[in-house]
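1. quick one: sequence and predicted model below, then my questions.
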Amino acid sequence: MRRTADSPEAGPPVSPWWQDAVFYQVYVRSFADSDGDGVGDLEGIRSRLGYLELLGVDALWLTPFFRSPMADHGYDVADPRDVDPLFGDLAAFDRLVADTHNHGMKITIDLVPNHTSDQHPWFQEALRTGPGSRERERYHFRDGLGPDGSAPPNNWTSVFGGPAWTRVRDGQWYLHLFAPQQPDLHWEHADVRADLVRTLRFWLDRGVDGFRIDVAHGMAKPPGLPDMDPRAVTVMAGSTSPDFVDLRFDNDEVHDIHRLIRKVLDDYPGTMAVGEIWVDEEERFAAYVRPDELHLGFNFKLVEAEFDADSVRRAIDRSLAAVESTGAPATWTLSNHDVVRHVTRYGGGELGTRRARAMALVELALPGVTYIYNGEELGLPNVDLPDWALQDPTWERSGHTQRGRDGCRVPLPWEGEIPSYGFSRAGAAWLPMPPQWGSLTVEKQLEDPESMLSLYRHALEIRKTAQGFGGAELEWYGAPPGCFAFRRKGGGLICALNTSAASVPLPPGEILLSSGPMDGNQLPPETSVWLV
Ligand code: NOJ
């Protein structure tokens, strides 16, 4: 057991608990349903804490469970300081915090500062009070262009497709970088800042250990809201375009907001914040994790990398370079609730699964913080859902050209042979679960030493107990084409990956764990290995 700032004993200074933690992202709607309505909830999570402890993760990140009309499944918050009845209530939240801690894990929650729901009382007041009212100043209301104001105030587009402006009855327009039900807040308004502080303290006082900040590169908007370069396509679930500046995001004034958040967290020792930062350039990214801003930043370079040794190595090098000057640990993510699950990205079926196993060991060998997205430990693929089942606003907003993110949000299969596999007492879950998932349930995989779940459990246990994982730096070895090998400089663990079509010799060392069977003493294609 490593010493952390939470368990001080006499001796040299200790690292904060999150420095090399493995977080588990719980997509609350899809994890476990306790009340039989087909939607996951807080009591459902509590009933499965034993599983998460067995898996061996250090901390949870819960996606939004706040009061919301659910236009973007909770990322449209109507009251940031209450639990939506769909997910439980504050008492259920308090029980979950206490029990998570009793199981030896930390609990972190989402914070959505860029926008509110259109049902938030502030937005409703702004609509009621009309143009020029002080209530409108908390959002970005503007007159339209053209003689009758019928054109939007600028050319900005919404990340979910279509214009980023919606016109209200009195003729003014309001800005929403996401769905129209998610109006962007005006961060220069004192009320907006004060309310964020209140929200942070509200949950910190209830015992949370930290926050994941939604759209942490958003919030601040450039003065005058000038037109954007239409070639700039910073999106949250795809690629960014480093060649064109996207005026909608990553404006310098955003850093003041992160300093404000940090000041509050500093009053609660041991707490942390990680930002969702879709910013490609290393230097711009690094600014978010300066010592007086966020503790961690999600980068999505591994998500964007192909299953190819060079591509993965570049992603690793760039992620390490981005935080090198800051002292913040790197973070690693293969999947989340906004992107196609990596088993599918890597080719699907057996091939995709083999590659996902290989990448799990690469990710867990890297220095810093890992985020596991619920279900990746079961090797769940993305699901091709029928049109009628699609709920992501992207589907409607794109005029049915982009299917959106529902395919990676299908609920988890726990046990049994038929949907909903113990997810819910209800036969039907909020998204239909495939009839072939009986072989992917937690129950099945716990019994099978070769399962994806067993691989994750084993890897997490080794990561926690074995020597070898120390230090923040890597050393790359020479490797055959299509392969790489690195060594953790501080600890000595070696990780080798083969993405080529032929088996290759192993680096020297004793094998601790491999993602698949060895080819004699060679490393086969689509396989990775840990050695000491
Ligand atoms: C990023 C979240 O991860 C995504 O799910 C959400 O739709 C947008 N932010 C808007 O809040």
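-> Done, it's in.

2. which SSE is Pro69 in?
-> Counting by DSSP states H and E, there is no helix or strand that carries Pro69.

3. unless I'm mixing things up, it is touching His120, no?
-> No - using CB atoms under 8 Å, Pro69 makes no contact with His120, being 9.7 Å away. Using the backbone N, CA and C atoms, a C-beta is placed for each residue, glycine as well.

4. among these two, which residue is more densely surrounded?
-> His120 (24 against 15; other CB atoms under 10 Å).

5. against the ligand, how distant is that one?
-> Using CB to the nearest ligand atom, to the nearest Å, we find His120 at a distance of 14 Å from the ligand.

6. likewise for Pro481?
-> Distance from Pro481 to the ligand, by CB to the nearest ligand atom: 36 Å.

7. list the residues that contact that residue.
-> Neighbouring residues of Pro481 by CB atoms under 8 Å, 6 or more residues apart in numbering: Ser500.

8. pretty sure it sits in a helix.
-> No - the assignment for Pro481 by DSSP: H, G, I helix; E, B strand; the rest coil gives coil, which leaves it out of any helix.

9. ok, how many other residues are close to the residue in the stretch 51-200 of the chain that the ligand sits nearest to?
-> Nearest residue of the stretch 51-200 of the chain to the ligand: Tyr75, at 3.4 Å (CB to the nearest ligand atom). Using other CB under 10 Å, Tyr75 has 25 neighbouring residues.

10. for the stretch 151-300 of the chain, which residues are neighbours of the ligand?
-> Taking CB under 6 Å from any ligand atom as the contact definition, the stretch 151-300 of the chain meets the ligand at 178, 214-215, 236, 276.

11. most surrounded residue in these?
-> Sorting these by how many neighbours each has (other CB under 10 Å) puts Phe178 first, at 25 neighbours.

12. helix or strand for Gly149, which one?
-> Using DSSP H and E, no helix or strand contains Gly149.

13. my read: it touches Val168, true?
-> No - between Gly149 and Val168 there is no contact under CB under 8 Å: 11.4 Å.

14. by mean pLDDT, flag the weakest helix or strand of the protein.
-> Every helix and strand of the chain was ranked by mean pLDDT, DSSP states H and E. The lowest is helix 393-397, at a mean of 89.

15. run the contact check for stretch 339-352 versus the ligand.
-> No - applying CB under 6 Å from any ligand atom, one finds stretch 339-352 separated from the ligand by no less than 9.5 Å.

16. tell me the mean pLDDT over that stretch?
-> Across stretch 339-352, the average pLDDT comes to 98.

17. same check on stretch 113-121?
-> Per-residue scores along stretch 113-121 average to 98.

18. hmm, who's touching that stretch?
-> 68-69, 71, 76-80, 122-124, 176-178, 180-185, 187, 196, 213-215, 218-219, 257.

19. before we move on, back to that, quick one: the residue of the stretch 51-200 of the chain closest to the ligand from Trp203, how far?
-> To Trp203, Tyr75 is 17 Å away according to CB to CB, to the nearest Å.

20. run a quick neighbour tally on Val245.
-> The tally of other residues near Val245 (other CB under 10 Å) stands at 15.

21. tell me the contacts of it?
-> Neighbours of Val245 in contact, by CB under 8 Å, 6+ apart: 229, 232.

22. same deal with Gly36?
-> Applying CB under 8 Å, 6+ apart, we find Gly36 in contact with 424-426.

23. likewise Leu446?
-> 453-454.

24. so what's the residue count around Gln124?
-> 14.

25. doesn't it lie inside a helix?
-> Yes - counting by three-state DSSP, one finds Gln124 located in a helix.

26. do you know how far it is from Gly520?
-> Counting by CB to CB, the gap from Gln124 to Gly520 is 69 Å.

27. how about the helices in the stretch 351-500 of the chain?
-> Using DSSP state H, counting those that start in this stretch, the helices of the stretch 351-500 of the chain run over 393-397, 442-447, 452-465.

28. then the stretch 201-350 of the chain?
-> Under DSSP H, counting those that start in this stretch, the stretch 201-350 of the chain gives helices at 254-266, 282-286, 301-304, 309-324, 342-345, 349-365.

29. quick one: the last one to helix 309-324, angle?
-> Here helix 349-365 points in a direction 30 degrees away from that of helix 309-324 (axes from the mean of the first three to the mean of the last three CA atoms, to 10 degrees).

30. from the rest of the structure, what touches helix 349-365?
-> By CB under 8 Å, 6+ apart, helix 349-365 touches 22, 302, 307, 312, 332, 334, 342-347, 370, 376, 379, 381, 452, 455-456, 459-460, 463, 469, 486, 488, 493, 495, 497-499, 513-516, 526-530.
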